[in-house]
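Asker: sequence first, predicted model second:
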Amino acid sequence: EPEVTQTPSHQVTQMGQEVILRCVPISNHLYFYWYRQILGQKVEFLVSFYNNEISEKSEIFDDQFSVERPDGSNFTLKIRSTKLEDSAMYFCASSATLSFEQFFGPGTRLTVL
Amino acid sequence: DAKTTQPNSMESNEEEPVHLPCNHSTISGTDYIHWYRQLPSQGPEYVIHGLTSNVNNRMASLAIAEDRKSSTLILHRATLRDAAVYYCILRDNPGTALIFGKGTTLSVSS
């Protein structure tokens, strides 16, 4: 069964450093998303991406964040200068056109020290 | 986004049916009712969605009130693997964001 994959599973970084979180969505999907979940809190939407551009973003997704689809398979989330409060589990998701079902990856745990 | 209200937690015994309620009194005519769940240490997982009619799939059933102001996710025979946080989410278009609340934490005992 096709699945969304994410790498790395755990990333540790120093405050102020740049990190790139990588996702490989399901191959025929066209909508891509990033969500995050701070430990013990609810899942929060960050950004959605369709047709090579951001289609929707939340207030959390400020200038420190960016997304890119560098090739036909990867979808990345970049945090330019990490803060302690960026420590969270980051989930990538994808969905097919006109489908209500989003498929989530296993997540990347980001720890900012 | 229209708001949903769910109990914080529920308990069930293995092999018994579970009815997870969700209130959404301000739902609009174009809002679909979605259910996702999150197993421990995993990403959210789609369970089911519906608009007006009751829906069944291999995982669960969704019962939607006639006025659409509430719905119930039904797990017909709970297993230990069904222990998770269950989220009821309203959404009017595919491709848009899922806005998660706190959900209902379901505990299943053997």
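Answerer: Sure thing, it's come through.
Asker: what bridges to the residue of chain A found nearest chain B?
Answerer: Nearest to chain B, among the residues of chain A, is A:Phe104, at 3.3 Å (Cβ to the nearest Cβ). All C-beta spots, glycine's among them, are computed from the backbone N, C-alpha and C. Assessed by DSSP bridges, A:Phe104 has beta-bridge partners A:Ala93.
Asker: one more: B:Tyr46?
Answerer: Beta-bridge partners, per DSSP bridges, of B:Tyr46: B:Tyr36.
Asker: got the contact list for it?
Answerer: Shown in contact with B:Tyr46 (Cβ atoms under 8 Å, 6 or more residues apart in numbering or on different chains): A:Glu101, A:Gln102, A:Phe103, B:His34, B:Trp35, B:Tyr36.
Asker: of those residues - the most surrounded one?
Answerer: Of these, A:Gln102 is surrounded by the most neighbours, 28 neighbours in total, counting by other Cβ atoms under 10 Å in any protein chain shown.
Asker: next, give phi and psi for it.
Answerer: Per-residue torsions, A:Gln102: phi -100, psi 140 (degrees, to the nearest 10).
Asker: wait, it touches A:Ser95, no?
Answerer: Yes - when contacts are counted by Cβ atoms under 8 Å, A:Gln102 is listed as touching A:Ser95 (4.7 Å).
Asker: overlap in contacts of these two?
Answerer: A:Tyr31, A:Tyr33.
Asker: for the record, mean pLDDT for stretch A:105-113?
Answerer: Stretch A:105-113 carries an average pLDDT of 98.
Asker: quick one: contacts of that stretch?
Answerer: With contacts defined as Cβ under 8 Å, 6+ apart, stretch A:105-113 is touched by A:3-15, A:19, A:21, A:23, A:37, A:79, A:82-93, B:42-43.
Asker: what comes up buried for it?
Answerer: Of the residues in stretch A:105-113, A:Gly105, A:Pro106, A:Gly107, A:Thr108, A:Arg109, A:Leu110, A:Val112 count as buried by neighbour count, 16 or more other Cβ atoms under 10 Å in any protein chain shown.
Asker: quick one: which helix or strand includes the second one?
Answerer: Element membership of A:Pro106 [criterion: DSSP states H and E] is none; it lies in no helix or strand.
Asker: contact residues of chain B facing chain A?
Answerer: B:32, B:34, B:38, B:42-46, B:49, B:87, B:91, B:94-103 (Cβ under 8 Å from any Cβ of the partner chain).
Asker: try it again with 10 Å
Answerer: Chain B comes close to chain A at residues B:32, B:34, B:36, B:38, B:41-51, B:85, B:87, B:91, B:93-103, as judged by Cβ under 10 Å from any Cβ of the partner chain.
Asker: any idea of the mean pLDDT in stretch A:70-82?
Answerer: On average, stretch A:70-82 scores 93.
Asker: got a pLDDT number for the residue most central in space within chain B?
Answerer: Most central in chain B under Cα atoms, centre = their mean is B:Trp35, positioned 3.6 Å from the mean C-alpha point. We have a pLDDT of 97 for B:Trp35.
Asker: correct me if wrong: it contacts B:Tyr87.
Answerer: Yes - using Cβ atoms under 10 Å, B:Trp35 is in contact with B:Tyr87, at 6.8 Å.
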